[in-house]
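>>> Provide a 3D model corresponding to the input given below.
(2 chains)
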Amino acid sequence: MIKLVNVEKTYYSKAGDIHALKATNLEINAGEVFGIIGLSGAGKSTLIRCLNMLEVPTGGKVFIDGEDITSMSDSELRKARQNIGMIFQHFNLLASRTVFDNVAFPLEIQGLSKEEIAKRVTPLLELVQLEDRANYYPSQLSGGQKQRVGIARALASNPKVLLCDEATSALDPQTTQSILTLLKDINKRMNLTIVLITHQMEVVKEICDRVAVIEAGHIIEEGSVFTVFTNPQTETTKEFVKTVSNASLPAIFNPADVKDHYFDGAKLITKLHFLGNSAGDPVVSGMIRKYEVDVNILYGNIDYLQEMPYGTLIIEISGDKAALESSIAYLETAHLRLEVMGYVS
Amino acid sequence: MSPELVALLVKSFWETCYMVLASTVLASLIGIPLGIILTVTRKDHILPNAAINGILGAIVNATRSTPFIILMVAIIPVTRILVGSSIGTTAAIVPLTISAAPFIARIIESSLLEIDHGVIEASQAMGASPMQIIRKVLLPESLHSIVLGITLAIISLIGYSAMAGALGGGGLGDLAIRYGYQRFQTEVMVTTVIVLIVMVQAMQSLGNFCSRKLNKSKL
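The predicted structure is shown next:
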């Protein structure tokens, strides 16, 4: 649906050129929710703006639905943009227009008649549950309601793609949740391709199918949300994953007391990730019986990523050196991911 | 005050109204498009064009920095070509218009610049053309602010029209100078000033009221 080939963006200035986006290649499939996550200044905003040419790339090509939008004339581009809806962090609604007229705006631009516009706007307001607010002005709405107007407006011209530029960053957690639910619902119901950028990992976890992690203008990691969450490769990604899972070393341990190697009388602290089906295997009880070790559970949690169970367990294993070593070996062969966190006394 | 003086006061009042109204309309016809062009041709706006922006900006600045009384005298030949005479109420409209148009252009420019860039970006993302952005976004979104700006222009035109009156334009300023000052008729002077104060107050109140009604961002 969307294909980026060597897309680059450099801002030239006397103070020095800024490479906001370095040769980026990306493919986003029709009907998926694709997340791009990065810290501020990573280039994610530039990247999403290249998808509808609000930022003109300084190199490379952007294909939307097979058409190269980087080589279009102004009027062709305006036509193409009608197939790409966009919502914004600060909503960007027209303050002088009512909710109804805001949603009607893209249709007016396309020159539709009043009747056609009304026929299109009313069901959209129902979709975002604002039919009773049609004659309100944006200043009379809450943040979540404003974003719903933004979504209705973005969907008015029946786009194939919806771009979300930090769409939930200005909203409180509850409202964020309701907007994400709405987006997921629209994605499923209309088979709409959604591209969203965010710095909030919970947004990615909540609705994305695939995710790309961007840092300093580079995509450093890309894959299904499940893979990226359960097996992050880069430090940045690990940091992001940490923000939504509190499966870190329990606070009762002082990091300085946790040693990398075994010492006399040490207990092993290890983190186990159970992915998908392995969540059902009795791995821990098997280990206890086989190696006669004691296990103390420090943390446990089961999450669902894209409707797949994903369990995390932090355990403290005590036993002699040989038993601990065999336990590690045993856990490594089991269908789970093992992370040895260290040894404590 | 004698009945003749009252009649003269009424006549002068209407002359001032005529001068101010006509020059406001004409100056807006020039100033509004000029202000729009000055805005959209800025380098980070929808139709960046440094050359047009620079040239128009320089003309506007030059006109605005010429004192009105000098501008009025300097353009007498132009006035004569346009209205056939350089004296009289109608003739005064020409310099009033020429001096108010760049003022209005700057007012429009600053009103349009108040609009959040995100809103313009959103309209571009929806496929709006520059003309559609001007008509459907820039002007409606800043209308309440433009109304306040035009009110400001009207009030300065009331002041300038008194000056134009001194050069044979008629109106309340002319009356105040000829009767109130030169003939020592203090009551004419006081009455004229009171009428001018009331006019300005009324205009400002009306402008504030309309602007408030139009401003949907504070409901």
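>>> longest helix of chain B?
With DSSP state H applied, the helix covering the greatest number of residues in chain B is identified as helix B:3-40.
>>> check which residues of that one are buried.
Of the residues in helix B:3-40, those with enough neighbours to count as buried (16 or more other C-beta atoms under 10 Å in any protein chain shown) are B:8-9, B:12-13, B:15-16, B:18-20, B:22-24, B:26-28, B:30-32, B:34-40. To be clear about C-beta, it is placed using only N, CA and C from the backbone, and glycine gets the same treatment.
>>> also stretch B:126-137?
By 16+ other C-beta under 10 Å, the buried positions in stretch B:126-137 come out as B:Met126, B:Gly127, B:Ala128, B:Ser129, B:Gln132, B:Ile133, B:Ile134, B:Lys136, B:Val137.
>>> filter those down to just the ones in helices.
Secondary structure defined by DSSP H assigns B:Gln132, B:Ile133 of these to helices.
>>> out of the buried residues of stretch B:126-137, which touch chain A?
Filtering the buried residues of stretch B:126-137 for neighbours of chain A using C-beta under 8 Å from any C-beta of the partner chain leaves B:Met126, B:Gly127, B:Ala128, B:Ser129, B:Gln132, B:Lys136, B:Val137.
>>> how about the helices in chain A?
Here chain A has its helices, by DSSP H, at A:44-50, A:74-81, A:99-109, A:114-127, A:143-155, A:173-190, A:201-207, A:225-230, A:235-244, A:283-291, A:321-333.
>>> same thing with chain B?
Taking DSSP H as the test, the helices found in chain B are B:3-40, B:50-65, B:68-74, B:76-83, B:89-113, B:117-125, B:130-133, B:139-164, B:171-175, B:186-214.
>>> make JSON lines from these and add mean pLDDT to it.
As requested, these are exported to JSON lines (pLDDT from 0 to 100):
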{"stretch": "helix B:3-40", "mean pLDDT": "94"}
{"stretch": "helix B:50-65", "mean pLDDT": "95"}
{"stretch": "helix B:68-74", "mean pLDDT": "88"}
{"stretch": "helix B:76-83", "mean pLDDT": "90"}
{"stretch": "helix B:89-113", "mean pLDDT": "94"}
{"stretch": "helix B:117-125", "mean pLDDT": "96"}
{"stretch": "helix B:130-133", "mean pLDDT": "96"}
{"stretch": "helix B:139-164", "mean pLDDT": "93"}
{"stretch": "helix B:171-175", "mean pLDDT": "86"}
{"stretch": "helix B:186-214", "mean pLDDT": "93"}
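>>> show me which residues of chain A sit near chain B.
Chain A has residues A:52, A:54, A:75, A:77-82, A:84, A:86, A:88, A:90, A:92-97, A:105-106, A:108-110, A:137-140, A:153, A:157, A:163 near chain B, with proximity defined as C-beta under 8 Å from any C-beta.
>>> give me the distance between the residue of the stretch 201-345 of chain A found nearest chain B and A:Ile179.
Each residue of the stretch 201-345 of chain A has a distance to chain B, by C-beta to the nearest C-beta, and the smallest belongs to A:Val203, at 20.1 Å. Using C-beta to C-beta, to the nearest Å, A:Val203 is found at 10 Å from A:Ile179.
>>> ditto for A:Glu8
The gap separating A:Glu8 from A:Ile179 is 32 Å, by C-beta to C-beta.
>>> quick one: which of these two has more around it?
The neighbour comparison of A:Glu8 against A:Ile179 (other C-beta atoms under 10 Å in any protein chain shown) goes to A:Ile179, with 24 against 17.
>>> pretty sure that one contacts A:Ser169?
No - with contact defined as C-beta atoms under 8 Å, A:Ile179 does not reach A:Ser169; the gap is 10.8 Å.
>>> joint contacts of the two?
Where contact means C-beta atoms under 8 Å, 6 or more residues apart in numbering or on different chains, no residue is in contact with each of A:Ile179 and A:Ser169.
>>> circling back to that earlier point, contacting residues around the closest residue to the residue of the stretch 201-345 of chain A closest to chain B other than its chain neighbours?
Of all residues beyond its chain neighbours, the one nearest A:Val203 is A:Thr168 (6.0 Å), with distances taken as C-beta to C-beta, 6 or more residues apart in numbering or on different chains. Residues near A:Thr168 by C-beta under 8 Å, 6+ apart: A:Gln147, A:Thr175, A:Thr176, A:Ile179, A:Leu180, A:Thr198, A:Gln200, A:Val203.
>>> so how far is B:Ala62 from the residue nearest the centre of chain B?
Centrality entry for chain B: nearest residue to the mean C-alpha point is B:Ala153, 3.5 Å, by C-alpha atoms, centre = their mean. The span separating B:Ala153 from B:Ala62 equals 18 Å under the rule C-beta to C-beta.
>>> which segments of chain A make up each domain?
Listed domain ranges for chain A are A:2-243, A:255-344 (source: automatic domain parsing).
>>> the longest one: end-to-end distance?
Using C-alpha to C-alpha, to the nearest Å, the end-to-end distance of domain A:2-243 comes out at 29 Å.
>>> same check, this time on the last one
With C-alpha to C-alpha as the measure, domain A:255-344 spans 10 Å from end to end.
>>> neighbours of A:Leu305, how many?
20.
>>> residues from chain B in reach of chain A?
In this structure, chain B approaches chain A at residues B:116, B:118-119, B:121-129, B:132, B:136-137, B:140-141, B:143-144, B:214, B:216-219, judged by C-beta under 8 Å from any C-beta.
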